Structures are given as structure tokens and as C-alpha cells.
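Q: have a look at this prediction, sequence included:
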Amino acid sequence: MVYDCIIVGGGIAGLQAAIQLGRYSKHHILVIDAGYGRSTLCREYHNLLGHPEGISGEELRRRGRRQAESFGVQFARDLIQMAEKREDLFCLEGKNGRTYTSKTLLLATGVLDRFPELPGLVPTLGISVYVCPDCDGYEVQGRKTIVMGAGETGANMAMILADRTQDLTYINHEQRPISERLQILMKKKGVKYGEGIIKQVNQAHDGQISSIVMNDGRQFEAERGFIAFGGNEVHSELAEQLGVKVSANRHVEADPRSRKTNVEGLWVAGDVGVHAEQVTVAMGEGSIAAIWIHKALSPCYNQLNEGDDENDS
């Protein structure tokens, strides 16, 4: 079967795009999802309109999928490993050997944060340990906070958070070097500093961090935490295979108005693109990309815009 659009990635951007496209009620849409990503790790999003009590990434995905399916959107569980464009069609190959074909393609493959396998860490993510200071810096306001990180990436995170709390400790888990300048700045800001391998993250209850324990037996109490290890995995491999422009940090470049890439018929949305990595931004980009995909698939828009390139950018 040739789909009108395939969306690779069933996270927040991909699901929002699927809902938008599904509501046009005229396109055959398939979402291909590997089932694991940044949103599956977040136990609670706190900065979403309408969810002041917080909502988990898994629950948001479940609701989004049900909503998309109610409009006829189809889903497949697979990991796409190969992508190419043959004339006017996109041909994808999954890990299980299945192939998929579509007229248009939306890549919403996301980013995965790098962090070590520390016992007790994952159950705290999004509840009391965070990744994004713009999303969740508010949560550490006036709280005893520990930044777990690597070298200057963690030091920079500590500096960003230092205005939020005066009880801040940075533990350089990977013991990577930090410039003398950053060390001086952290000291001036009152950031406490330690080096050493973290053994485990302890919880008081229900995902609430209480302390971290070091391999050498040291223990640091905490009410909140942040991770900042750097080297996050940007899932732009498929875009590169298709000849899409990719920035130096491996994020995919796209037109800011339409989210269309330099490859005809291919759009990008969410954290894999060049943008602020927030769930609210991902939702907006998913909707924008879907609107322009609908226009590309609709003969009436093509006839109206024929010969008018300015309306297509």
C-alpha cells in the first residue's frame, strides 16, 4: 500500500501531526513508532497547558494515539533503519524487514538524552530529576539540588540553575575537565563541587529523590536533581540518508514556517529539528508540518498556488 503520509516517530510531535492530518479525513496516514524515546522516560510534564498536576509522557502518548486512531490513523511498531526516495515515493525499511511506501514523509524521530545506568535514576525522571532548565528550572526553586553530569556540560547546567537555588551541588560523575574560568564562576555563585562515580540514586517515595550515594561511600542529600552529561543522541540518520541538510550538531534543518526540508515531500518536526527542545514546541511543529503536508497532498491547494512559489515557503 502507498500511504499519503508516513510519520516516523510516535512521540509528541509525531502524534500531534497524526491528529492534525487525521482530522482532514481524506488521507491514508501511518505512524511508525519504535516505542521508546525521550517522552517515554519522562514520568511527569509540569509545564503543559491544562495539566497543572503533571502528566507522564507515556500517558500523553497513550491519549494521543487513541485520539489519532479515532480519525483513522494507522500505527505500526517498528524501527526504521533505511530510507530512500525513488522518483516521487519514499521507501522505508524496518528492523523486522517490512517495507513501507508513501507520497510524503514526516520525520519526528527525536532525541535521546545520554546518561549512565544509575540504579534509581529513571524512576525519578520528570518527577524530581530533570533535563531541561527552561521546562523545569522552576521545580528547583529554593530546593536542595544536585546536578549529576559530566565536565563542562554539567558545570554550565549548574551555572544556569544557580539563580534558582542557593543550595546547589554539582557532581562531576565522569570526572571530565572543567576550565579554570568555569570553576571560578561556580565558586562565586556558591555552587558546591565534587567529583566521583555515583553509585545510586535514592528515593524518599514515589520518584522523589532523597540522596545520591557515591562509590566511595559519600552521600549527598537532595530534594531535586538535574542531569547534564552531554552527547545526546540526535536521531537524524534517516534524514541524512535522504539527503536532508543537517546542522553541525546533527539536528535537521527545515523551513521555520512550514517545517519543510530541502528534500521535496519531506518534513521534520520535534526535537530532531533545530529548535528549542520542549514538548509544547514539538506539538506546535507537528501541527504546522501536518498543515503543509495536507496542502501538498491536496489538488485544490496545488491549483491555487500553481506558479506562485512564495506561497510554498
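A: Perfect, I can see it now.

Q: can I assume residue 4 sits in a strand?
A: Yes - assessed with DSSP: H, G, I helix; E, B strand; the rest coil, residue 4 lies in a strand.

Q: what about it, distance to residue 122?
A: Residue 4 is 37 Å from residue 122, where distance means C-beta to C-beta, to the nearest Å. For every residue, glycine as well, the C-beta is placed using N, CA and C.

Q: repeat for residue 100
A: Applying C-beta to C-beta, the value for residue 100 to residue 122 is 31 Å.

Q: ok, those two, which is more surrounded?
A: Neighbour totals were compared for residue 100 and residue 122, and residue 100 leads with 21 against 15 (other C-beta atoms under 10 Å).

Q: check contacts around the more buried one.
A: Residues counted as contacts of residue 100 (C-beta atoms under 8 Å, 6 or more residues apart in numbering) are 3, 6, 30, 32, 76, 80, 91-94.

Q: gap between it and residue 132?
A: On the measure of C-beta to C-beta, residue 100 and residue 132 end up 32 Å apart.

Q: hey, where'd the helices end up in the stretch 51-200 of the chain?
A: 57-69, 133-136, 151-161, 180-189 (DSSP state H, counting those that start in this stretch).

Q: related to what we said a few turns ago, nearest to residue 47 among the contacts of residue 100?
A: Nearest to residue 47 among these, counting by C-beta to C-beta, is residue 32 at 28.3 Å.

Q: would you say the closest one is within a strand?
A: Yes - counting by three-state DSSP, residue 32 falls inside a strand.

Q: can we start the residue count at 780 from this point?
A: New numbering, starting at 780: the last item is residue 811.

Q: my guess is it contacts residue 860, does it?
A: No - the pair residue 811 / residue 860 is not scored as a contact, 11.2 Å apart, by C-beta atoms under 8 Å.

Q: helices of the stretch 980-1092 of the chain, residue ranges please.
A: For the stretch 980-1092 of the chain, applying DSSP H, counting those that start in this stretch gives helices covering 1016-1020, 1058-1076, 1078-1083.

Q: okay, those helices, which one's buried deepest?
A: Most buried of the helices of the stretch 980-1092 of the chain, by mean neighbour count (mean count of other C-beta atoms under 10 Å): helix 1058-1076, with a mean of 22.

Q: out of everything not next to it in sequence, what's closest to residue 1076?
A: Counting by C-beta to C-beta, 6 or more residues apart in numbering, residue 1076 lies nearest to residue 783, which is 5.4 Å off, once chain neighbours are set aside.

Q: I am finished for the moment; much appreciated.
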